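*Asks:* what would the 3D arrangement of this be:
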Amino acid sequence: MKIGIVDYNAGNLTSVVSALSFIGSDYVVSSEHSVLMGCDKLIFPGVGEANWAMEQLRVRDLERSLREFKKSGKPILGICLGSQIILDHSQESDTNCLGLVPGEAKHFPKDMGLKIPHIGWNTVEHNGKGIFRGIPKEASFYFVHSYYVEPKDKKNVIGKTTYGIEFCSSVEYENITAFQFHPEKSGEVGLQLLRNFVEA
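*Replies:* Below is the predicted model:
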C-alpha cells in the first residue's frame with residue numbers, strides 16, 4: 001500500500017512524514033503527476049493561505065492530479081488547509097478552490113469574543129465509526145486555523161468541534177475524508193486516525 005503525500009510547497013510535510021514513518025507506512029512525497037497517480041492513496045496536507053496554495057497547485061499541475069485521483073475513486077485525506085481547498089470556495093482572499101467537495105471554507109465570526117486563529121487542543125465529537133474507529137468519543141486533537149469547513153450537505157459532517165461556534169472539523173464525501181485539525185500533531189489518537197486511513 002503506497003501512500004502519496006502531495007508536495008505543493010504549502011504542506012506540513014515534515015510532521016506528516018514523521019507520523020507515517022512512526023506507524024510503518026510505505027509512502028512517497030512528490031509533486032510529480034505520474035508518481036502520485038501511481039499511489040494507492042493520497043494525503044493532501046497544508047498550511048498557509050488559500051489563494052497562494054491554489055496558485056502553487058496550478059504551477060505544479062497538481063490541480064489536475066488531485067482531480068484525476070478523485071475521479072479514480074482511490075482515497076484522499078485532506079489535512080488543515082488541505083481540508084479547505086478541496087471545497088468549492090474559500091472566504092480567504094475570495095478564492096475559488098478545487099471543487100472536489102461541495103461547500104465553502106468560512107472565517108470564524110470576528111465578534112465571538114475568542115482569539116483567532118484557533119490554536120490548541122480541542123474536542124472532536126464523532127460516532128466512533130469509519131475513520132474514527134478505535135478513537136475515544138470526544139477525543140481531543142490539535143488545531144491551528146482561522147477558517148473552517150462547511151460542506152453543502154450536513155450529512156457529510158463526521159466530526160464536530162466547538163470554539164465559540166460549533167463547526168465541522170471532519171468531513172467525508174465519496175472517496176475523500178478531511179480533517180480541519182492536525183492528526184499528525186495529535187499524539188496517539190492522531191496516529192490511530194492515520195493508521196485507520198492507511199489500513200482501510
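*Asks:* alpha carbons only for contacts and neighbour counts from here, please
*Replies:* Will do.
*Asks:* what count of nearby residues applies to the closest residue to residue 85 other than its chain neighbours?
*Replies:* Nearest residue to residue 85 in three dimensions, chain neighbours excluded: residue 97, at 5.1 Å (C-alpha to C-alpha, 6 or more residues apart in numbering). The number of residues packed near residue 97 is 21, by other C-alpha atoms under 10 Å.
*Asks:* give me phi/psi at residue 97?
*Replies:* Main-chain torsions, residue 97, degrees, to the nearest 10: phi -110, psi -160.
*Asks:* now do the one 4 residues further on
*Replies:* When quoted as degrees, to the nearest 10, the phi and psi of residue 101 stand at phi -130, psi 130.
*Asks:* also residue 32?
*Replies:* As for residue 32, its main-chain torsions (degrees, to the nearest 10) stand at phi -90, psi 130.
*Asks:* ok, residue 119 next?
*Replies:* The phi/psi pair for residue 119 (degrees, to the nearest 10) is phi -130, psi 130.
*Asks:* distance of it from residue 71?
*Replies:* Remark: distance between residue 119 and residue 71 (C-alpha to C-alpha, to the nearest Å) = 34 Å.
*Asks:* and for residue 161?
*Replies:* Residue 161 is 30 Å from residue 71, by C-alpha to C-alpha.
*Asks:* more neighbours: which of the two?
*Replies:* More crowded of residue 161 and residue 71, by other C-alpha under 10 Å: residue 161, with 21 against 11.
*Asks:* now residue 129: phi and psi?
*Replies:* Residue torsions, per degrees, to the nearest 10, at residue 129 are phi -110, psi 170.
*Asks:* same thing with residue 198?
*Replies:* Torsion angles, degrees, to the nearest 10, at residue 198: phi -70, psi -40.
*Asks:* so where's the chain shaky on pLDDT?
*Replies:* Scanning the chain with the threshold set as pLDDT under 70 gives 11.
*Asks:* could you pull up the residues touching residue 192?
*Replies:* 134, 135 (C-alpha atoms under 8 Å, 6 or more residues apart in numbering).
*Asks:* please read the previous query as pertaining to residue 20.
*Replies:* 26, 27, 194.
*Asks:* ok, and the most crowded of these?
*Replies:* Among the contacts of residue 20, residue 194 has the most neighbours (other C-alpha under 10 Å), with 23 neighbours.
*Asks:* quick one, phi/psi of it?
*Replies:* phi -70, psi -40.
*Asks:* what residues of stretch 97-108 count as buried?
*Replies:* If you call a residue buried by 16 or more other C-alpha atoms under 10 Å, then stretch 97-108 has these buried ones: 97, 98, 100, 101, 102, 103, 104, 105, 106, 107, 108.
*Asks:* of those, which belong to strands?
*Replies:* 101, 102, 103, 104, 105, 106, 107 (DSSP state E).
*Asks:* and the first one, how far from residue 188?
*Replies:* Here residue 101 is placed at a distance of 28 Å from residue 188 (C-alpha to C-alpha).
*Asks:* also the third one?
*Replies:* Summarising the geometry, the distance separating residue 103 from residue 188, computed by C-alpha to C-alpha, is 30 Å.
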